[in-house]
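Trainee: Structure for this input, please:
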Amino acid sequence: MNDPARDTVNFGDTIVTPEEKTRRVGGVFTSVARSYDVMNDLMSGGMHRLWKDRFVARVKPRAGEHILDMAGGTGDIAFRMARRGAQVTVSDINPDMLGVGMERAAKRGIPGLVWQQENAETLSFADASFDAYTIAFGIRNVTDIPKALREAHRVLRFGGRFFCLEFSTTEWPGFGEVYEKYGDKLIPKIGKVVAKDEDSYRYLVESIRRFPKMPEFEAMIGAAGFAQTRVEPILGGLVAIHSGWKI
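Mentor: Take a look at the predicted model:
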């Protein structure tokens, strides 16, 4: 007998089928694509730029390396890695996010990036295609996270590295409660004013709250086959850099 609970997932705080979650997440990012970067600045006070700089510094992209930037959308991570000489494939399930990224790359004069629509759970790339796999603020929106992690492991070469930047749960006393109130009360209102979309930003806040805590997500990375897993908390774990190696 099928267990109905195993056939449903969370879309924020709402219980839906996996197929419905994938569809709804697509709708969220189609809605917010044009305002995504402005909203990131407003929601984080511009700190997301520093987090992304730190993230890319940990990845250490090198000239000639082939790197897959999954959920790369508007290109923030890819641009940073391309400047260091890496050959970056930017993939995202949402064509509207990719469209914004391609426009930004053209305006900034950043050539050489490959833009390709992909589902993180079912990548079209061959085994052992990349030296590194990065995903920033995207893994929590994937319907089947363990499956996406296994795909990341599959497409990496031996000695390849996995890096993920994602919101988590801060362990600083008091700060977590303040941030949760900010997220619940203010972020959807900012989304309503700036992006004309309150519901999408309410989902994004809910998705952060439901994402696994740092030790749990690190264990998921290990279960996907990665070795030497590590987590680097930022602001007590409000944001975290997770990493692992395919060896």
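Trainee: what's the spacing between G225 and D7?
Mentor: Counting by Cβ to Cβ, to the nearest Å, the separation of G225 from D7 is 26 Å. Placement of C-beta: from N, CA and C, glycine included.
Trainee: which one of these two has more residues nearby?
Mentor: Using other Cβ atoms under 10 Å as the criterion, G225 and D7 rank with G225 on top: 16 against 9.
Trainee: Return the residues in contact with the closest residue to that one other than its chain neighbours.
Mentor: Excluding its sequence neighbours, the residue lying closest to G225 (Cβ to Cβ, 6 or more residues apart in numbering) is H153, at 4.4 Å. Residues near H153 by Cβ atoms under 8 Å, 6 or more residues apart in numbering: F162, A224, G225, F226, K246.
Trainee: would JSON lines of those residues with distance to V142, pLDDT and secondary structure be doable?
Mentor: Formatted as JSON lines, those follow (distance: Cβ to Cβ, whole Å; pLDDT from 0 to 100; DSSP: H, G, I helix; E, B strand; the rest coil):
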{"residue": "F162", "distance to V142": "14", "pLDDT": "98", "secondary structure": "strand"}
{"residue": "A224", "distance to V142": "12", "pLDDT": "98", "secondary structure": "coil"}
{"residue": "G225", "distance to V142": "17", "pLDDT": "98", "secondary structure": "coil"}
{"residue": "F226", "distance to V142": "16", "pLDDT": "98", "secondary structure": "coil"}
{"residue": "K246", "distance to V142": "19", "pLDDT": "98", "secondary structure": "coil"}
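Trainee: Throw those residues into JSON lines and include distance to K196, thanks.
Mentor: As requested, the contacts of H153 are arranged in JSON lines below (distance: Cβ to Cβ, whole Å):
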{"residue": "F162", "distance to K196": "36"}
{"residue": "A224", "distance to K196": "38"}
{"residue": "G225", "distance to K196": "42"}
{"residue": "F226", "distance to K196": "40"}
{"residue": "K246", "distance to K196": "42"}
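Trainee: between these, which is nearest T122?
Mentor: Nearest to T122 out of these is A224 (Cβ to Cβ; 14.9 Å).
Trainee: From R49, how far out is the residue lying closest to that closest one once chain neighbours are set aside?
Mentor: Computed as Cβ to Cβ, 6+ apart, the closest residue to A224 that is not its neighbour in sequence is L149, at 3.6 Å. Per Cβ to Cβ, L149 is found 26 Å from R49.
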